[in-house]
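Asker: Give me the fold of what follows.
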Amino acid sequence: MARYRGPKSKISRRFREPIFGPDKALERRQYGPGQHGPNRRRKKESEYSIQLAEKQKAKYTYGILERQFRNMFKRATSKDGITGEILLQFCELRLDNVVFRLNISPTRSGARQLVGHRHITVNGKVVNIPSYRVRPGDQVAVREKSKSLLVVSEALAGGGDRQEWLDWDGSALSGTVISIPSREQIPENIKEQLIVELYSK
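Answerer: Prediction:
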């Protein structure tokens, strides 16, 4: 199962955003990585570098590698509607992201691990593929044997923002996908139009 395994704080500092969740290193050093620190002179970024950085930020945010992300973009271009918005909707409807949005896990990487270790069910059946795309009406739940997991109970106790496009049943530890999220319902700070422009070259 391919995924990014490199340093996370360095990536967060590059984009100056807590992409992988709260990061003390980012709080202490609110400037980009590099041996010259905050005194490093930075060249004016080209249009291409700005577009590339936005694509990289989206990939790191959702934990998707290049080939899979490009394939998602190709599927998004074949759909009717705004390509950039559809691309983000595809990212949001990944099973690992839905588990994260339901606050079953505090991070997407943790949600990915829960899915991979067969702790999550979709419509009553165990699904261990993090990239599985859920659809409106699908019910995502914690497996019966896994409801006592400490990581799950701690994540749920920590709370978090509930998404309007998801409905949560705390007693059953299950959530239902009500609808496909609109762009306004996706809180990520991603300029998707720059990604579309990059792939359209």
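Asker: For the most centrally placed residue in the chain, report the pLDDT, please.
Answerer: Of all residues in the chain, the one closest to the mean position by Cα atoms, centre = their mean is residue 62, 3.0 Å from it. Note on residue 62: pLDDT of 93.
Asker: surely it meets residue 107?
Answerer: No. Assessed by Cβ atoms under 8 Å, residue 62 is found out of contact with residue 107, at 11.9 Å. The way it works is simple: take the backbone N, C-alpha and C, and place the C-beta from them, glycine included.
Asker: Excluding chain neighbours, what is closest to the residue nearest to the centre of the chain?
Answerer: Counting by Cβ to Cβ, 6 or more residues apart in numbering, residue 62 lies nearest to residue 91, which is 4.6 Å off, once chain neighbours are set aside.
Asker: next structured bit after the one helix or strand the one you found maps to?
Answerer: Using DSSP states H and E, residue 91 falls within helix 83-92. On the C-terminal side of helix 83-92, the closest following helix or strand by DSSP H and E is helix 95-101.
Asker: from the chain's centre, how far out does that following helix sit?
Answerer: Its chain's C-alpha centre and that of helix 95-101 lie 8 Å apart, by Cα atoms, centre = their mean, to the nearest Å.
Asker: pLDDT averaged over it - what is it?
Answerer: 96.
Asker: Stretch 147-159 too?
Answerer: The pLDDT scores in stretch 147-159 average 89.
Asker: Would you indicate which residues of that stretch are buried?
Answerer: 149, 152, 155-156 (16 or more other Cβ atoms under 10 Å).
Asker: Please convert these to a markdown table, extending it with distance to residue 188 and secondary structure.
Answerer: Putting these into a markdown table (distance: Cβ to Cβ, whole Å; DSSP: H, G, I helix; E, B strand; the rest coil) gives the following:
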| residue | distance to residue 188 | secondary structure |
| --- | --- | --- |
| 149 | 27 | coil |
| 152 | 24 | helix |
| 155 | 19 | helix |
| 156 | 22 | helix |
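Asker: Turn the residues you listed into CSV, columns for distance to residue 187.
Answerer: Shown next, in CSV, are the buried residues of stretch 147-159 (distance: Cβ to Cβ, whole Å):
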residue, distance to residue 187
149, 26
152, 23
155, 18
156, 20
